[in-house]
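Enquirer: here are the coordinates; sequence isn't available:
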């Protein structure tokens, strides 16, 4: 059992395009559920925290796919993955927050009340969580997912991957015109006036 675990943690992932498509959607849906349950725990109400209408937060998918592509060769160096994941995901979150605020003048997350934050877009605690999540993803989750993924028939990998991509593109096009906003989702407080005045 221990030998099998070591094997799937160190096995080289020979990924194709649809592996990354599936990984993107699994992580995006995980991020949507994670943030929704955080709101449920904090505010006693479940909230779709995303910019998009569907059950996905693409920043989680984009970040996870980036980490897997960039750091898979360091699978046996978890501390390096941790530090690198912190840096990459913190930069990604800052840039995504800045872009969303600039484009729609709405803030989908705000860390202003957290210690060691920068413009409310990032904070130290979230950076540490990104590091831990990235380390877990690259070291364990992605190799295990690959072992399961390669057992799926190619027709299903391709068909479901294309279906998900089509739904995502439609959702993104709709949400570009009508972004998902509202109570518990966005912050339009005085802090935003300081950014855009």
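Expert: It's in. All figures in this text were calculated on a predicted structure; none of them were measured in a lab.
Enquirer: do you know how far residue 147 is from residue 97?
Expert: Distance, residue 147 to residue 97, by C-beta to C-beta, to the nearest Å: 35 Å. To be clear about C-beta, it is placed using only N, CA and C from the backbone, and glycine gets the same treatment.
Enquirer: so who does the residue nearest the centre of the chain touch?
Expert: The centre of the chain sits closest to residue 60, judged by C-alpha atoms, centre = their mean, with a distance of 0.5 Å. By C-beta atoms under 8 Å, 6 or more residues apart in numbering, the residues touching residue 60 are 27, 28, 30, 31, 32, 34.
Enquirer: element containing it?
Expert: helix 58-71 (DSSP states H and E).
Enquirer: before we move on, back to that, between residue 147 and residue 97, tell me which one has more neighbours.
Expert: residue 97 (21 against 14; other C-beta atoms under 10 Å).
Enquirer: which residue sits closest to the more buried one, ignoring its sequence neighbours?
Expert: residue 121 (3.7 Å; C-beta to C-beta, 6 or more residues apart in numbering).
Enquirer: how deep is the spatially closest residue to residue 68 that is not a sequence neighbour tucked in, by neighbour count?
Expert: The shortest distance from residue 68 to any non-neighbouring residue, by C-beta to C-beta, 6+ apart, is to residue 142 (5.0 Å). Residue 142: 25 surrounding residues under other C-beta under 10 Å.
Enquirer: likewise the one 4 residues further on?
Expert: Here the count is done by other C-beta under 10 Å, and residue 146 has 20 residues near it.
Enquirer: can you check residue 26 too?
Expert: 17.
Enquirer: please apply the same query to residue 115.
Expert: Around residue 115 there are 8 residues (other C-beta under 10 Å).
Enquirer: surely it meets residue 124?
Expert: Yes: between residue 115 and residue 124 a contact is recorded at 6.7 Å, counting by C-beta atoms under 8 Å.
Enquirer: buried set for stretch 143-161?
Expert: Neighbour-count burial for stretch 143-161, counted by 16 or more other C-beta atoms under 10 Å, picks out 143, 145, 146, 149, 157, 161.
Enquirer: now the two most distant members of the residues you listed.
Expert: Spanning the widest gap among the buried residues of stretch 143-161 are 143 and 161, at 19.7 Å by C-beta to C-beta.
Enquirer: ok, back up a step: so the residue nearest to residue 68 is in which element?
Expert: Counting by DSSP H and E, residue 142 is found in helix 142-149.
Enquirer: next, the angle helix 58-71 makes with whatever helix or strand comes next after that helix.
Expert: Next in sequence after helix 142-149, counting helices and strands by DSSP H and E, comes helix 154-177. Following axes from the mean of the first three to the mean of the last three C-alpha atoms, to 10 degrees, one obtains 130 degrees for the angle between helix 154-177 and helix 58-71.
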